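Engineer: generate coordinates for the sequence data below:
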Amino acid sequence: MTQMTFARAINSGLRKSLENDPKVILMGEDIGTLGGVFRVTDGLQKDFGKHRVVDTPLAESAIMGTAVGLAYRGYRPVVEIQFDGFVYPAFDQIVSQVAKIHYRTQGAVKMPITVRIPFGGGIGSPEHHSESPEAYFTHTSGLRVVSVSNPQDAHTMIQQAIASDDPVLFFEPKRRYHDKGEVDESIDPATALSMEKARVVAEGKDVTLVAYGPLVKTAKDAAVAAADEGVSVEVIDLRSLAPVDFATLEASVRKTGRLVITHEAGQSGGLGAEVATSITERCFYHLEAAPVRVTGFDVPYPYSKLESHHLPSLDRILDGVDRALGRPNSLSGLEG
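Structural biologist: Model prediction:
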């Protein structure tokens, strides 16, 4: 086991994939000589060469189009989108081509493309640098969408994504890049927990709290704070956003009877709405209260001085737990 940052864990996972498969190619803006704006790919071009770690022009559509061509030729391109909001020029390629070619060719052509997207807020940057566009892609059939929350998963799941014959959108919470954790680099991704599976990261019996990416840490902190008030919160790291591991969520909600979902993206049309509806359909007679969503607001991402009010915080999540429990909360008009 080695202590390493989130960013270093991804770097290590990319390195292993490059070593294990000569068909893996990294592509992106400034990922080679600079090592990426977050230094996630630092040192990889030096060790593997410019033909394996490619600095591209500033043109996301062209990057994705090139990746499609490489995938056709049997390569496994790993594309970095420098910031979440920069993915939109590549949206047509991802949704119209990458997601559909396997189906369109009746399985004859695979698209083993991994698209790495640093996402979310919390770093003091404006719109296009702090967005959460995951719901656009979870709505698109043919794409796998995952988000990691800790260094070990970052290390293992990037290798699983690259090894997948399906296209994978790999969302990395940029404000967690410097968080440290234990990483066992010897774990075989083929035998590790599948990237499609959710994980219970804290067991509880009163409320199920579902989070992913940057908010898993906040959700765990909320569970600790709730325990001080005698409330037992079960925290689930969703990990896979498409497909969703509803079996794990169902088992938890059938036990607790209450559900809170939190994410940084806006509420309307967000992943929380899909989880809430699907769990209601599956667990209606086990629910003691309506599911609760604690999300970003339905506004363009605000300036840095306001982002702390926009992002779901520990207090807002605890307020959502209170709502699920029928305790005094911000919407009830009653003081706790």
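
Engineer: domains of this structure?
Structural biologist: 2-183, 199-325 (automatic domain parsing).

Engineer: next one: the last one to chain centre, how far?
Structural biologist: When you say that, I think you mean domain 199-325. 15 Å (C-alpha atoms, centre = their mean, to the nearest Å).

Engineer: how long is that domain from one end to the other?
Structural biologist: Chord length of domain 199-325, first to last residue, is 23 Å (C-alpha to C-alpha, to the nearest Å).

Engineer: please give the element, helix or strand, for residue 282.
Structural biologist: Assigned by DSSP states H and E, residue 282 falls within helix 271-283.

Engineer: hmm, who's touching that helix?
Structural biologist: 134-135, 138, 210, 212, 238, 241, 244, 246, 249-250, 253-254, 259, 261-263, 265, 267, 287, 290-291, 293, 295 (C-beta atoms under 8 Å, 6 or more residues apart in numbering). Quick note: C-beta positions are derived from backbone N, CA and C, even for glycine.

Engineer: quick check: mean pLDDT of that helix?
Structural biologist: For helix 271-283, mean pLDDT rounds to 97.

Engineer: in that helix, which residues are buried?
Structural biologist: Within helix 271-283, the residues that count as buried by 16 or more other C-beta atoms under 10 Å are 271-276, 279, 283.

Engineer: report all helices and strands that the helix or strand just after that helix contacts.
Structural biologist: Sequence order places strand 292-296 as the next helix or strand after helix 271-283, per DSSP H and E. On a contact count with 3 or more C-beta pairs under 8 Å, 6 or more residues apart in numbering; DSSP states H and E, strand 292-296 meets strand 259-266, helix 271-283, helix 314-325.

Engineer: can I get strand 292-296 as CSV, trimmed to CA atoms?
Structural biologist: C-alpha atoms of strand 292-296 as CSV (Å, rounded to 0.1, in the frame of the first residue of the first chain):
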residue,chain,number,x,y,z
VAL,A,292,-34.9,14.0,-1.1
ARG,A,293,-32.5,15.6,-3.5
VAL,A,294,-29.7,17.9,-2.4
THR,A,295,-28.1,19.4,-5.4
GLY,A,296,-26.6,22.5,-7.1
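
Engineer: quick one, what contacts residue 235?
Structural biologist: 200-202, 204, 209, 211, 216, 219-220, 222-223.
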